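S.K.: here is a sequence with its predicted model. Questions after.
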Amino acid sequence: MTSEFARNSASLIKRFRFVIFAFWALLALAGLKWGLLFTSATVAQYDSPDGSDSAIASAKINKHFPSQSGTNQVTILLKKKNTAPSTGIIDLPGMKQLQLSLYNATREEYGYDVANPCDNCFFRSMQSYWLLSDTFNATLLARSFLSTGDAEGESTLVVVTYDTDESTDKIDDLIDFLDKRVNGFLDDFGLTDQVTHGLTGIQPFADAILEGIADDLEIMDTAVLPLALLVLATIVQSLPFLLMPIINILCTILSSFLIMYPVALNMDVVSFTPSVMMSLTIAMSIDYSLFLLSRIMEETNEGRTLDEAIPSMLDNAGHTILVSGGTLVCCFLGNLFFPLAMLQSVGIGASTALIMALSVNLTLTPAVLYSIGPQLMGCQDWLNRATHRALVNIGCRTSTDALHDQAVFEGGNGAINGGGGGGGGGGGGADGLSASLI
């Protein structure tokens, strides 16, 4: 027996289904414009919790070494290739010119003077073997920028310190500047075949994480999602019905990213939060669609019309996913009680994705069924007939079997479109849909 609340909810969704379409369409369009910026607004580092050992140590460093407060480093590693001469890397022809030319380039671009560094500027310092040796004759200090042990003299470092209070874009521009200049100088001084280089540090690490997130999202879109949809189609036995979970996933991702974008602008959101949200969205949307669409198929299989089946779907499957999703939301919101911003941001992002997945599935799915549900079922019947005819043509089925299936399908269509009026019509509908699921 369908509850009155479910019937009233279904009636409202049917009445305002075009308003529902417009609402989610506008939210998705806004998500395309602003929501996709969410991934670039995340961070790879976050402040330590108050009172923790890390926070206490940071406070002491800032107190006793104020010039190092709010700074970070990017390190350029220059390493010999196997094809390089046996001499140490600093003695390679062109290495001294490379390091000094890199310093001159940063002086022109950022106004940095190694003899008169600025504690309030964006570009704080640069240190390298030849810069220290040539400018200050600090050979002993300079040797700390050379590799030791088994790889003694095989590699050297160039360390650049910058102010972290500047925007991420400006820091990324600095990293790109250093990378391009080193590449160019390696080529200019004939070191391309002898020396390889790479950049490391907090910001390069964060950029690598963002690239990894993009790769993860691409894998989900191209591999995981089609596989999940294939499993759903196998269970529900309807290819046209896959339109609904695809729409639901897109609307959920775009709307949840749109909500999280201003959150990321006002608090630290850890960089793997979008991946967690994406994974939850795909998993829950497929799961919720499985519950809802399976219930619809069961109801219509028993001879009920869509107008009768949708309220029952909301009352039974809708109640199940609402309780399940609500439980998960409460669990993820529990992360807010941890003092780590990393866990808090994941909890907010995951809860947002789940709430939007529930909202989309419980409103958009029945709205689509009310609007084009009969057409989707009719399309599936056509696919079934075409499949049976193809099997007859290649000899896998007999024409007698195909004629029987056609008669059963026609009986099933009469029940779906005619509401199953009469015992014979209802029975034919059930048999027809049962045959379509074989």
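M.R.: Okay, I see it. Quick caveat, the model's predicted, so the values are computed rather than measured.
S.K.: which stretches in the stretch 1-150 of the chain count as strands?
M.R.: Remark: strands of the stretch 1-150 of the chain, listed N- to C-terminal, are 71-80, 123-128; assignment by DSSP state E, counting those that start in this stretch.
S.K.: and M1, how far from T156?
M.R.: When Cβ to Cβ, to the nearest Å is applied, the distance between M1 and T156 equals 79 Å. For glycine as for every other residue, the C-beta is placed from the backbone atoms N, C-alpha and C.
S.K.: so those two - more neighbours on which side?
M.R.: Relative neighbour count places T156 above the other of M1 and T156, with 25 against 5, counting by other Cβ atoms under 10 Å.
S.K.: what residues of the helix or strand harbouring that one count as buried?
M.R.: Applying DSSP states H and E as the criterion places T156 in strand 155-163. Judged by neighbour count (16 or more other Cβ atoms under 10 Å), strand 155-163 contains these buried residues: 155-158, 160-163.
S.K.: export the residues you listed to TSV and tack on distance to L336 and pLDDT?
M.R.: TSV is the format used below for the buried residues of strand 155-163 (distance: Cβ to Cβ, whole Å; pLDDT from 0 to 100):
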residue	distance to L336	pLDDT
S155	45	93
T156	46	94
L157	41	94
V158	42	95
V160	37	94
T161	35	92
Y162	33	92
D163	31	89
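S.K.: and of those residues, the nearest to I348?
M.R.: Using Cβ to Cβ, D163 is the member of the buried residues of strand 155-163 that sits closest to I348, with 29.0 Å.
S.K.: ok, that closest one - contacts?
M.R.: When contacts are counted by Cβ atoms under 8 Å, 6 or more residues apart in numbering, D163 touches 70-71, 121-124.
S.K.: who wins for most neighbours among those residues?
M.R.: R124 (21 neighbours).
S.K.: show me the shaky parts of the stretch 301-438 of the chain.
M.R.: 395-438 (pLDDT under 70).
S.K.: in the helix or strand just after the strand holding T156, what counts as buried?
M.R.: Once strand 155-163 ends, the next helix or strand along the chain (criterion: DSSP H and E) is helix 168-188. Neighbour-count burial for helix 168-188, counted by 16+ other Cβ under 10 Å, picks out 171, 174-175, 178-179, 181-182, 185-186.
S.K.: between the strands of the stretch 1-150 of the chain, which gets nearest to S324?
M.R.: strand 71-80 (43.1 Å).
S.K.: in that closest one, what's buried?
M.R.: Residues of strand 71-80 classed as buried by neighbour count (16+ other Cβ under 10 Å): 72, 74, 76, 78-80.
S.K.: could you dump that strand to PDB, C-alpha only?
M.R.: As requested, the backbone C-alpha atoms of strand 71-80 are provided in PDB (Å, rounded to 0.1, in the frame of the first residue of the first chain):
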ATOM      1  CA  THR A  71      58.100  31.300   2.900                       C
ATOM      2  CA  ASN A  72      58.500  28.200   1.000                       C
ATOM      3  CA  GLN A  73      61.100  26.700  -1.400                       C
ATOM      4  CA  VAL A  74      61.200  25.200  -4.900                       C
ATOM      5  CA  THR A  75      64.300  23.100  -5.600                       C
ATOM      6  CA  ILE A  76      65.800  22.600  -9.000                       C
ATOM      7  CA  LEU A  77      67.800  19.300  -9.300                       C
ATOM      8  CA  LEU A  78      70.500  19.100 -11.900                       C
ATOM      9  CA  LYS A  79      71.800  15.600 -12.400                       C
ATOM     10  CA  LYS A  80      74.300  14.100 -14.800                       C
END
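S.K.: what pLDDT, on average, does it get?
M.R.: Across strand 71-80, pLDDT averages out at 92.
S.K.: report the contact partners of the residue nearest to S238 when sequence neighbours are not counted.
M.R.: The shortest distance from S238 to any residue that is not its chain neighbour, by Cβ to Cβ, 6 or more residues apart in numbering, is 4.8 Å, and that residue is Q380. Contacts were defined as Cβ under 8 Å, 6+ apart; by that measure Q380 touches 238-241, 436.
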